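[1] how would this look folded up:
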Amino acid sequence: MAAVTKMAAMALLKPPQPPILISTKPESVNPHRLMELYASCNYSCYRFPVADDAGRVEPVEPLKLSVALSHSPVMVSAFSRPEELLTVHSRRSFGGGWIGKMGLSSPKDGLLIGFGRAVSDLGLTASIHDVVVHPALQGRGIGRKIVERIVWVLTNKFGIYDIAALCTDRQRPFFRACGFGEDILESTTMMYTRSASVSSTLRDRPHQTVSAGRKILLIPPPRELAM
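    Presented below is the predicted three-dimensional model:
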C-alpha cells in the first residue's frame, strides 16, 4: 500500500501536459521558428558545436538546416498556445491544471514548443534526430509523444521497423522510456575517422579527431562563432 500511495503522490506532483497540437505536415515546420526553439533549448544540430563564454552553443546555419529538413521524410512538430508557455510557472505555483483549456485547431495559431525528425531510405532503415522540447514544458511527456508519432509514421506509412536513435548517455533514459533498447545484434555505431586506409587526398585535408569512449570521431574544420 505504501508503494501505491507513493506512486499516486508522485503522479499528482508531476506537472500536467498542456493541450498541444501534433503535426506531421512538412509545411508546419518554419525553419526560423525551429531555430528559435533550438536557441531556447541551447541546442545545436552540429555534433561538435562552438560555444561562447556563457556556454551558449552556436546555431545551425539556416541553409544547412533547410537542406536537412528537405531530406527528412518524417518531421513531427508540437504546438501550444503562446499564453500557455508564458503562464506555465504561475499555474504550477497555484496548483492550477490544464483541464478545461481549449486546444489548438491549427499550427498557425500556436507556438512551436517541440520537434523531432527522422532520416530514412524509406525502405529499410531510419534514424531519429534532433528531438527537443521547450525547457519550460519538459518533463510533461511531450518529447515522448513526438517520438511515438515518428515511430508510428515510419512503421505504418513506410513499413520500416529498423529504427535507431543516435543519442548521448544523458539522452538514453529518455529513449529507453520511449521503447528503445540495446541492439540485439550487438552492433555499435562507427563514425568516420581519418586512418591509414583512407586516400591521400582525404589524408591531406585539415581533419582532426577526438576520442569518445571507444570511438574516434572526425571533427569538421573549425568554424567561427558568429557575433
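
[2] element containing the nearest residue to C41 once chain neighbours are set aside?
    Residue nearest to C41 in three dimensions, not counting chain neighbours: V132, with 4.8 Å by Cβ to Cβ, 6 or more residues apart in numbering. Yep, even glycine has a C-beta here, placed from its N, CA and C like the rest. Element membership of V132, judged by DSSP states H and E, is strand 125-133.

[3] buried residues in that strand?
    By 16 or more other Cβ atoms under 10 Å, the buried positions in strand 125-133 come out as A126, I128, H129, D130, V131, V132, V133.

[4] which secondary structure elements does the helix or strand following that strand contact?
    Under the assignment DSSP H and E, the closest C-terminal helix or strand after strand 125-133 is helix 142-157. Here helix 142-157 touches strand 21-23, strand 74-80, strand 111-120, strand 125-133, strand 162-165, helix 172-177, going by 3 or more Cβ pairs under 8 Å, 6 or more residues apart in numbering; DSSP states H and E.

[5] what's the last one in contact with?
    In this structure, residues lying in contact with helix 172-177 by Cβ atoms under 8 Å, 6 or more residues apart in numbering are V131, G143, R144, V147, A165, C167.

[6] check contacts around the fourth one.
    Just to be clear, that refers to V147. Applying Cβ under 8 Å, 6+ apart to V147 gives the contacts G116, I128, V131, A165, F175, C178.

[7] try the second one
    With Cβ under 8 Å, 6+ apart as the criterion, the residues that contact G143 are G114, G116, V131, V132, V133, F174.

[8] between those residues, which sits nearest P26?
    Of all those, P26 sits closest to G116, with 13.5 Å by Cβ to Cβ.

[9] who's that closest one bridged to?
    Note on G116: beta-bridge partners by DSSP bridges are V76.

[10] shouldn't it be in contact with S127?
    No. With contact defined as Cβ atoms under 8 Å, G116 does not count as touching S127 (11.4 Å).

[11] what does I184 show for phi and psi?
    Note on I184: backbone dihedrals following degrees, to the nearest 10 are phi -70, psi -20.

[12] look at it and say how many residues are nearby.
    6 (other Cβ atoms under 10 Å).

[13] mind checking how far it is from D162?
    Per Cβ to Cβ, to the nearest Å, I184 is found 12 Å from D162.

[14] overlap in contacts, those two.
    Both I184 and D162 lack any common contacting residue under the criterion Cβ under 8 Å, 6+ apart.

[15] now I128: closest residue in space that isn't a chain neighbour?
    Computed as Cβ to Cβ, 6+ apart, the closest residue to I128 that is not its neighbour in sequence is A165, at 4.6 Å.
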